[in-house]
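Engineer: this one's structure only:
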């Protein structure tokens, strides 16, 4: 990455990700013919001006004629009318002669590079890994048209998530569990789980921060037979802990029972083994504005998601214990015939310890 | 730990562990009645003077009468004639009035505290965890009369050490494998393995450092039927890579075949399932001057050692892969009925990453 692209990268990172999402972080700089940065800018807020607009407007304050200038932008400029006009039109309008693109937009509606080239502009295209990493959520959202999926799992060193009786309280330590409330749940738009996890632990799945604040996010529950709606489950805590969000039950039953106010039932496909059709589940999420999903469930769902390459990031809390029991509940429960050369590959991005728990973060090698 | 014990601790750590072992690192300071350190010293080399001797001799250069002095020593003073005279005699001889012991000696032959108390000396005994940690090898050696055992294992995130066909080349990355040669094998007196590991990988089990130096340490091979001595195995690399050390084969066969010069056969007990009697194996090691043992073997031996609490330290290299196959070879292969409250507990002491491998070090909670 040259120094002008680096400048654009740095300005991109100054924006607040939570205000921009589900849009990407983008930075742009306008550079004069003799190599001086005339203007720079970033995309600051979803629905508002793109980085190119800020950079060009700032440059115009220095110089009215940008025809000998180059534009460095971290992501391919948009060419379609969205919430704002296409950036390619603005670039053409000011006669900018050269555009350097740091990463290609995975959205097929964006063909800014072609539009600019057709207008006779010299376009150079890179795919800098740092820029893709910066917008990994956006890239996954656009490329696969599904949420960015984060799997959280607490396990023993030997890969067990509960003993043979299903007891998992507590594998990870208190600080690790707090971390889930401080960081993992707040960063997600929704939590994906199963009726089984909710019933077994009477899981509340809300966010209880150390400063005493409590809030809630949408929960997606795979519940083929809508067991959560059975009378004996009406006392579950989760119905009380989600006053400001919705509990979506994904079920196969056609007859609809009376549901509490904060519950919606979505009918969907399950196969003969009782596994939900994940493709359908994923496709539904953008309509619910779920761009980042946290999975907190058992080994069966985790395995199914991993098998189908739906896990983009794994947060593993490894308790300093060995279960030493093959009949204990496993993190991965699959019998695919794989040899050593065809294992599922991840990238280790962080290793930490939270007291005596190891806390490892992996990302999928998705590009 | 008060400041005088801290001073003794610090001086203990100045000694070179490799020159002192299998003795412990020990430091001592002599403090005057008005709180001035008159002398200090540490145990510098196996077979030579103990820390107390150096500290007292140094103090005598400042002051001939030590009767109002206190002695702070990180480990209980010896009371028996070993390679050097008992330190308790020296303390008594100089009439030191108070002795503060930082940790009790696990060796039953050492009863320095009692000897000093019987002589009317005021003795204060602590068991500072840092001091026990400092000499964890020595404590294990003395308490259990066996080597300190370090298990090295390379595995996937889901706890598999090879695919279902037994193929494990390569799980961990090249740098992780180099680390084994740079650090783990050099720190051990012997490597414990099985005939199976040697035959499967044609393992050389010597030390090949990055600076080009190559050397070898004793290898202990569990080989009930002495398969390594079969004609078809005579070409195995291990017989060539151990010119300066001995390969001990632990077998059950009574008839002895002709063995290469660097091989010794030790007959020992195996149970009906073919498992070696680990107690016998461990008991033999001090005679061979093996005080620290590195285990490089498969899941079966690792599990057996863990089940019997013979693993003091685990070095786990976790490759960023999921095997996703229940029929792949497991790190732990046991069916003990354990619930969550009775798992094997360890302490996580280090988390690192070696490129994309996570490298975790655990120690047993042995005290």
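Structural biologist: Perfect, thanks for sending it. Owing to the predicted nature of the structure, the values given are computational and were not obtained by experimental measurement.
Engineer: CA only for contacts and neighbour counts going forward, please
Structural biologist: OK.
Engineer: show the residue spans covered by the strands in the stretch 1-150 of chain A.
Structural biologist: For the stretch 1-150 of chain A, the strands defined by DSSP state E, counting those that start in this stretch cover A:27-31, A:37-42, A:70-73, A:98-101, A:122-125, A:148-156.
Engineer: for the third one, give the mean pLDDT please.
Structural biologist: Spelled out, it's strand A:70-73. On average, the pLDDT along strand A:70-73 is 98.
Engineer: hmm, who's touching it?
Structural biologist: A:4-5, A:8, A:26-33, A:51-52, A:96-102 (CA atoms under 8 Å, 6 or more residues apart in numbering or on different chains).
Engineer: buried subset of those residues as a ChimeraX selection?
Structural biologist: Selection of buried members from those for ChimeraX, criterion 16 or more other CA atoms under 10 Å in any protein chain shown:
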select /A:4,5,8,26,27,28,29,30,31,32,51,52,96,97,98,99,100,101,102
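Engineer: and the residue sitting nearest the centre point of chain A, what does it touch?
Structural biologist: Central residue of chain A (CA atoms, centre = their mean): residue A:148, 2.9 Å from the mean position. Residue A:148 is in contact with A:137, A:138, A:140, A:141, A:291, A:292, A:293, A:311, A:312, counting by CA under 8 Å, 6+ apart.
Engineer: so where's the stretch 1-150 of chain A uncertain?
Structural biologist: Applying pLDDT under 70 to the stretch 1-150 of chain A picks out no residues at all.
Engineer: spell out, range by range, the helices that occur in it.
Structural biologist: Using DSSP state H, counting those that start in this stretch, the helices of the stretch 1-150 of chain A run over A:3-13, A:17-20, A:51-62, A:87-93, A:112-118, A:129-134, A:136-144.
Engineer: before we move on, back to that, can you pick out the most distant pair from the contacts of residue A:148?
Structural biologist: Spatial extent of these (CA to CA) is set by the pair A:138 and A:311 at 14.7 Å.
Engineer: follow-up on the earlier one: from the contacts of residue A:148, list just the buried residues.
Structural biologist: Counted by 16+ other CA under 10 Å, the contacts of residue A:148 give A:137, A:138, A:140, A:141, A:291, A:292, A:293, A:311, A:312 as buried.
Engineer: isn't the fifth one right up against residue A:142?
Structural biologist: It stands for residue A:291. No: contact between residue A:291 and residue A:142 fails when scored by CA atoms under 8 Å: they sit 10.1 Å apart.
Engineer: looking at the helices of the stretch 1-150 of chain A, which is nearest to residue B:256?
Structural biologist: That would be helix A:129-134 among these, by CA to CA, at 61.9 Å.
Engineer: quick one on the thing from earlier: quick one: closest of the helices of the stretch 1-150 of chain A to residue A:177.
Structural biologist: Here helix A:17-20 is closest among those (CA to CA), at 23.2 Å.
Engineer: which residues does the closest one contact?
Structural biologist: Under the criterion CA under 8 Å, 6+ apart, residues A:25, A:43, A:44, A:45, A:46 lie in contact with helix A:17-20.
Engineer: before we move on, what about stretch A:252-266?
Structural biologist: Contacts of stretch A:252-266 (CA under 8 Å, 6+ apart): A:224-226, A:229, A:239, A:242-243, A:245-251, A:267-270.
Engineer: how about the nearest residue to residue A:153, chain neighbours excluded?
Structural biologist: residue A:316 (5.1 Å; CA to CA, 6 or more residues apart in numbering or on different chains).
Engineer: the helix or strand that contains that neighbour packs against which elements?
Structural biologist: Per DSSP states H and E: residue A:316 is located in strand A:313-319. The elements that strand A:313-319 packs onto, with contact taken as 3 or more CA pairs under 8 Å, 6 or more residues apart in numbering or on different chains; DSSP states H and E, are strand A:148-156, strand A:357-364.
Engineer: ok, residue A:281 - how many residues close by?
Structural biologist: 16 (other CA atoms under 10 Å in any protein chain shown).
Engineer: equivalent analysis for residue A:64, please.
Structural biologist: 10.
Engineer: list the strands paired with the top strand by length along chain A, with their directions.
Structural biologist: For chain A, the longest strand by residue count, based on DSSP state E, is strand A:344-354. Paired neighbours of strand A:344-354 in the sheet (DSSP bridges): strand A:357-364 (antiparallel), strand B:321-322 (antiparallel).
Engineer: give me whichever of these is most buried.
Structural biologist: strand B:321-322 (a mean of 24; mean count of other CA atoms under 10 Å in any protein chain shown).
Engineer: is the very next helix or strand once past it positioned near chain A?
Structural biologist: Per DSSP H and E, the first helix or strand lying C-terminal to strand B:321-322 is strand B:329-330. No: Strand B:329-330 is not in contact with chain A by CA under 8 Å from any CA of the partner chain; minimum separation 8.7 Å.
Engineer: who's in contact with strand B:329-330?
Structural biologist: So strand B:329-330 is contacted by B:159, B:160, B:161, B:162, B:163, B:164, B:166, B:299 (CA under 8 Å, 6+ apart).
Engineer: how about those residues in a markdown table, adding pLDDT?
Structural biologist: A markdown table is the format used below for the contacts of strand B:329-330 (pLDDT from 0 to 100):
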| residue | pLDDT |
| --- | --- |
| B:159 | 95 |
| B:160 | 95 |
| B:161 | 95 |
| B:162 | 94 |
| B:163 | 92 |
| B:164 | 92 |
| B:166 | 90 |
| B:299 | 93 |
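Engineer: which of the residues you listed sit farthest apart?
Structural biologist: Farthest pair in the contacts of strand B:329-330 (CA to CA) is B:159 and B:166. Separation: 14.1 Å.
Engineer: neighbour count winner among the two?
Structural biologist: residue B:159 (26 against 14).
Engineer: my guess is the more buried one meets residue A:159, correct?
Structural biologist: Yes: assessed by CA under 8 Å, residue B:159 is found in contact with residue A:159 at 5.7 Å.
Engineer: how much space separates the closest residue to residue A:125 other than its chain neighbours from residue B:163?
Structural biologist: Nearest residue to residue A:125, sequence neighbours excluded (CA to CA, 6+ apart): residue A:101, at 4.8 Å. Going from residue A:101 to residue B:163 by CA to CA, to the nearest Å gives 43 Å.
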